[in-house]
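> whatever this is, show me its structure:
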Amino acid sequence: SGTTLLRRIADAHPQLAVARGTRWIARTWEFRRGLTEDGYVTPKLVERLRDPFRLERLALEEEDLERLLARDAPVSFADFVTALYDHYGERHGKSLVGDKTPGYVRYLPTLHGLWPWAKFVHIVRDGRDVCLSVLDWRKDATGFSTFGGDPVTTTALWWEWYVRLGLETGGELGPDLYHEVRYESLVGRPGLECERLCAFLELPFDEAMLRFHEGRTRDDPALDAKRAWRPITPGLRSWRTQLAREEVLRFEAAAGDLLEELGYERLTSSTTTRAREHARRIREIFAS
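Next up, the predicted model:
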């Protein structure tokens with residue numbers, strides 16, 4: 001949905017470092033994995049974080065984990081994670097740190113409770129283009145059993161669920177803590193959107209954000225835009241030409257109301273009774 005692009009743009013700012021998706025923070029807190037019941041860190045959490053994938057994502061060495069936990073008093077989960085991010089910022093020579101984990105849109109109240117001052121950036125993209133991305137992954141990104149039988153409708157409902165959660169919680173957090181970025185505007189007017197993002201983050205705008213790709217672009221037509229580190233490029237995906245009409249109609253039958261609410265034009269102003277009934281059945285399975 002454009003989260004990698006936005007992460008690279010933000011990470012290029014000289015004062016901001018953005019980690020590449022920790023994924024574990026919200027669920028660790030909610031399920032108390034490696035924590036005491038009252039939210040203090042135990043050695044079990046440190047063992048879980050020794051995974052090379054998790055260490056690499058936060059630029060950590062194993063001894064860093066031990067050092068962060070080596071205190072006389074118990075360490076709260078919030079303080080421990082804050083220290084991890086502070087360390088990440090120090091390693092990159094930057095004063096502010098963020099995290100790009102798309103799934104965290106489901107956990108904004110949890111994260112806000114842990115860090116009341118944290119700011120959230122929610123990038124929203126036309127769900128039909130998001131569907132193209134999901135279908136290109138050749139795997140079930142949604143985790144729902146209906147994906148195998150109807151990936152388009154399942155992705156539509158999955159997209160609707162995530163976006164609505166972000167919008168609803170964002171409205172409760174207010175404009176000081178929540179900022180929405182439209183993908184289409186980001187690639188169409190990147191300078192303006194970067195200025196708005198910086199204003200929200202209380203940072204001065206820096207042209208380096210628009211040059212995030214310099215020195216990293218790989219001139220290989222076989223690579224997609226993400227792996228080739230291409231500059232900001234509109235039109236990389238287009239549901240109008242890359243989704244079959246029948247797929248578009250199925251998507252709109254499931255999530256057309258949200259598309260309209262967000263200002264995205266439908267392919268057709270109405271859907272068939274059969275399409276709506278099919279979407280209803282998938283939604284029931286999806287919600288169960």
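
> use CA for all of it now, contacts and neighbours both
Fine.

> the nearest residue to R27 once chain neighbours are set aside: what's it in contact with?
Leaving aside its chain neighbours, R27 sits nearest to R33 (7.9 Å; criterion: Cα to Cα, 6 or more residues apart in numbering). R33 makes contact with 27, 44-45, according to Cα atoms under 8 Å, 6 or more residues apart in numbering.

> most neighbours, which of those residues?
Neighbours here mean other Cα atoms under 10 Å. Within these, the largest count is held by L45, at 17 neighbours.

> can you name the element that comes right after the helix or strand harbouring that one?
Per DSSP states H and E, L45 falls inside helix 43-48. Downstream of helix 43-48, the first helix or strand assigned by DSSP H and E is helix 52-57.

> so what touches that following helix?
Among residues not part of helix 52-57, those counted as contacts by Cα under 8 Å, 6+ apart are 19-22, 49, 61-62.

> now a ChimeraX select for only the buried ones of those residues.
Filtering these down to the buried ones (16 or more other Cα atoms under 10 Å) takes a single ChimeraX command:
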select :19,20,21,22,49
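
> give me the subset of the contacts of helix 52-57 lying in helices.
Counting by DSSP state H, those place E62 in helices.

> from the contacts of helix 52-57, pick the one nearest L258.
Taking Cα to Cα as the measure, L258 lies nearest G21 of the contacts of helix 52-57, at 26.6 Å.

> quick one: residues contacting the closest one.
57, 99-102.

> and of these, the nearest to G113?
Closest approach to G113 among those (Cα to Cα): D99, at 16.6 Å.

> show me what contacts the closest residue to the closest one other than its chain neighbours?
Sequence neighbours aside, A19 is the residue nearest to D99 in space, at 4.7 Å (criterion: Cα to Cα, 6+ apart). With contact taken as Cα under 8 Å, 6+ apart, A19 is in contact with 57-58, 88, 97-100.

> now for those residues, which pair is the farthest apart?
Of all pairs drawn from those, the greatest distance, 13.6 Å, lies between Y88 and K100 (Cα to Cα).

> between the two, which has more neighbouring residues?
The neighbour count for Y88 versus K100, taken as other Cα under 10 Å, is higher for Y88 (23 against 18).

> so that one sits against L58, correct?
Yes: using Cα atoms under 8 Å, Y88 makes contact with L58 at a distance of 5.8 Å.

> between the contacts of R33, which is closest to A275?
R27 (35.5 Å).

> what average pLDDT does the host helix or strand of that closest one get?
Following DSSP H and E, one finds R27 within helix 25-31. Per-region confidence: helix 25-31 scores 96 on mean pLDDT.

> tell me how far it lies from the chain's centre.
17 Å (Cα atoms, centre = their mean, to the nearest Å).

> shaky segments in the stretch 51-200 of the chain?
Along the stretch 51-200 of the chain, segments meeting pLDDT under 70 span 138-140.

> ok, which stretches of it are strands?
For the stretch 51-200 of the chain, the strands defined by DSSP state E, counting those that start in this stretch cover 96-99, 120-124, 178-182.

> which among the ones you listed is found nearest to R216?
strand 96-99 (21.1 Å).

> the closest one pairs with which strands?
Looking at strand 96-99 with DSSP bridges, its partner strands are strand 16-19 (parallel).

> same question for the strand it pairs with, mean pLDDT?
For strand 16-19, the mean pLDDT works out to 97.

> just give me the residue closest to the centre of the protein.
For the chain, P102 is the residue whose C-alpha lies nearest the centre (Cα atoms, centre = their mean; 2.1 Å).

> right, and it touches T3 too?
Yes: with contact defined as Cα under 8 Å, P102 reaches T3; the gap is 7.1 Å.
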